[in-house]
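*Asks:* sequence and predicted model, in that order:
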Amino acid sequence: MRKLSLSKITGIIFVFCAATAIITPAQTFTTLLNFNGKDGAQPYRTALIQGPNGKLYGTTVYGGAHRDGTVFAITSGGTLTRLHSFNGTDGTNPSGTLVQATNGNFYGTTCCGGVGYGTVFAMTSRGTVRTLHKFHNGVMAATPMQGWFKPLTETSTEQLSTEDPGAAATDVE
């Protein structure tokens, strides 16, 4: 077996890098939207998820009709639809990335509101929100933050997907 010299290895790496640079299209960054407060503000502590319709879904911590945060959808062309504005009783300051279940509904958390310590909510793709749980200080947990849904398994996500956000809300204490 023949060993490759250092110059041959360097040449192979150079050719590979050059070919990759030629084949891979240039990556550019394009701002789709600047939030104005009414449609939401400060979309941090979250990531966008892409729905089956191609739209990107996310949350803003502040802004919206009540200044308590929003859930929104945006197209790749920058057309924004504010799906829900939190009002305090259904939560404030949504935190973390939404999860979309197999039935198309979205699930998320707010870090405040409800009865003061955050909520877990379900939302249809049209923006109908149902509060699934309001956290009370010292009961189960308080102030759910980002990543609450990350540990969910496919089975537990399936169980969540049976919830109908259009149904009457009940406070689970």
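*Replies:* Thanks, I have the structure now.

*Asks:* my read is G58 is in a strand, agree?
*Replies:* Yes - counting by DSSP: H, G, I helix; E, B strand; the rest coil, one finds G58 located in a strand.

*Asks:* what about the residue lying closest to it once chain neighbours are set aside, how many neighbours?
*Replies:* Nearest non-adjacent residue to G58, counting by Cβ to Cβ, 6 or more residues apart in numbering: L48, 4.6 Å away. Using the backbone N, CA and C atoms, a C-beta is placed for each residue, glycine as well. Counted with other Cβ atoms under 10 Å, residues neighbouring L48 total 16.

*Asks:* pLDDT score for L48?
*Replies:* At L48, the pLDDT value in this model is 91.

*Asks:* contacts only, for G127.
*Replies:* G127 makes contacts with 71, 83-84, as judged by Cβ atoms under 8 Å, 6 or more residues apart in numbering.

*Asks:* now F29
*Replies:* Applying Cβ under 8 Å, 6+ apart, no residues contact F29.

*Asks:* is it true that T75 touches K55?
*Replies:* Yes - using Cβ atoms under 8 Å, T75 is in contact with K55, at 5.8 Å.

*Asks:* neighbour count for these two, which is higher?
*Replies:* K55 (19 against 14).

*Asks:* and the angle for the lengthiest strand in the chain with strand 56-60?
*Replies:* In the chain, with assignment by DSSP state E, the single longest strand is strand 92-100. In terms of direction (axes from the mean of the first three to the mean of the last three Cα atoms, to 10 degrees), strand 92-100 departs from strand 56-60 by 160 degrees.

*Asks:* now the strands for the chain?
*Replies:* Applying DSSP E to the chain gives strands spanning 49-50, 56-60, 70-74, 80-85, 92-100, 106-112, 119-123, 129-134.

*Asks:* using CSV, list the CA coordinates for the longest one.
*Replies:* Extracted in CSV, the C-alpha atoms of strand 92-100 (Å, rounded to 0.1, in the frame of the first residue of the first chain):
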residue,chain,number,x,y,z
THR,A,92,-48.0,36.9,28.5
ASN,A,93,-44.6,36.8,27.0
PRO,A,94,-44.5,33.5,25.0
SER,A,95,-41.2,31.8,25.5
GLY,A,96,-39.6,29.1,23.4
THR,A,97,-40.2,27.5,20.1
LEU,A,98,-43.7,26.3,19.1
VAL,A,99,-44.2,22.6,18.5
GLN,A,100,-46.6,21.5,15.7
